[in-house]
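Asks: Mind folding the following:
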Amino acid sequence: MNLHLTKIGNEKNPPIVFLHGLFGQGDDFLYFAKQLSDKYYSILVDLPGHGQSDILEESTFPKLCQLVLESLPATNQKALLIGYSLGGRIALYLMTHYPQYFNKAAIISANPGLESEREFRLQKDLSLLDNILSPQDFFIRWYTNPLFGHLVKHENFSLLLEKRKNANLDNIKKCLNSFSVGTQPPMWNMLEKNALPIFYFSGKEDEKYRKIGQRLSRYRHIHLIEFENAGHYLHFEYPTIFNKHLHSILK
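Replies: Down below sits the predicted model:
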């Protein structure tokens, strides 16, 4: 199967691959892709079960990452990877397992992998979408999770909620096996040896991923960028600031 891709900019320009988070879709990054369209070729991926992409049933995280790689258009230039949460985990896997295709990465609030209790986490993730009363009820509860900080008070939260309500939760549920960090090989050792520059973004209100970022920042070539007053979804909360960082990374 191939994944649905939204392409913005001239294909002769340097490529940027955008990978969204769970429940999102490629056009979550549309603002940033348009800001870069004069000099870069942006590829916005709909992950399986999201947006216009088909489902990927009974699979694993490595197979998901391989599918993403195989779905990208051929180019003679190395790409910048930009990934958020689930998309960030995929980006880390691609960087460490297929470094010949990429030159750097911007990773937002992503886990390099669990070092214990992976089976427990897998079972927890597989039950994530059980007993949903309504999409609106689910997403309100989802975004009140402490790792999102004060996201529900953001001036554009109602727009985000309206968009997420259109997500096909049945399709996403069928893909949870491949999305789970429980089926994701831990990448800490590979990242410690990584030679490509990685810029890791975390919000200071997202304590779990802030600690992950601080641990990763001890590794060579991994640079930590923390956002004040931001949670897990920091580029939604502060798109202008994140966009400035992207331009800086590209330079």
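
Asks: Please count neighbours and contacts with C-alpha atoms only from this point.
Replies: Will do.

Asks: what about the strands in the stretch 151-251 of the chain?
Replies: With DSSP state E, counting those that start in this stretch, the ranges of strands along the stretch 151-251 of the chain come out as 198-203, 222-227.

Asks: out of these, deepest packed?
Replies: Sort these by mean neighbour count, taking mean count of other CA atoms under 10 Å, and strand 198-203 sits at the top with a mean of 26.

Asks: quick one: that strand to strand 222-227, angle?
Replies: Counting by axes from the mean of the first three to the mean of the last three CA atoms, to 10 degrees, strand 198-203 lies at 20 degrees to strand 222-227.

Asks: For strand 198-203, give the mean pLDDT please.
Replies: Averaged over strand 198-203, pLDDT sits at 98.

Asks: and for that strand, what are the contacting residues?
Replies: 104-109, 209-210, 213, 221-234 (CA atoms under 8 Å, 6 or more residues apart in numbering).

Asks: Buried ones among those?
Replies: Using 16 or more other CA atoms under 10 Å as the burial test, the contacts of strand 198-203 include 104-109, 209-210, 213, 221-227, 230-234 as buried.

Asks: Now do residue 40 against residue 10, distance only.
Replies: Residue 40 is 7 Å from residue 10, where distance means CA to CA, to the nearest Å.

Asks: in stretch 107-127, what counts as buried?
Replies: Applying 16+ other CA under 10 Å to stretch 107-127 flags 107, 108, 109, 110, 111, 112, 113, 114, 118, 122, 125, 126 as buried.

Asks: Please apply the same query to stretch 170-190.
Replies: Neighbour-count burial for stretch 170-190 [16+ other CA under 10 Å]: 171-184, 186-188.

Asks: How far off centre is that stretch?
Replies: 12 Å (CA atoms, centre = their mean, to the nearest Å).
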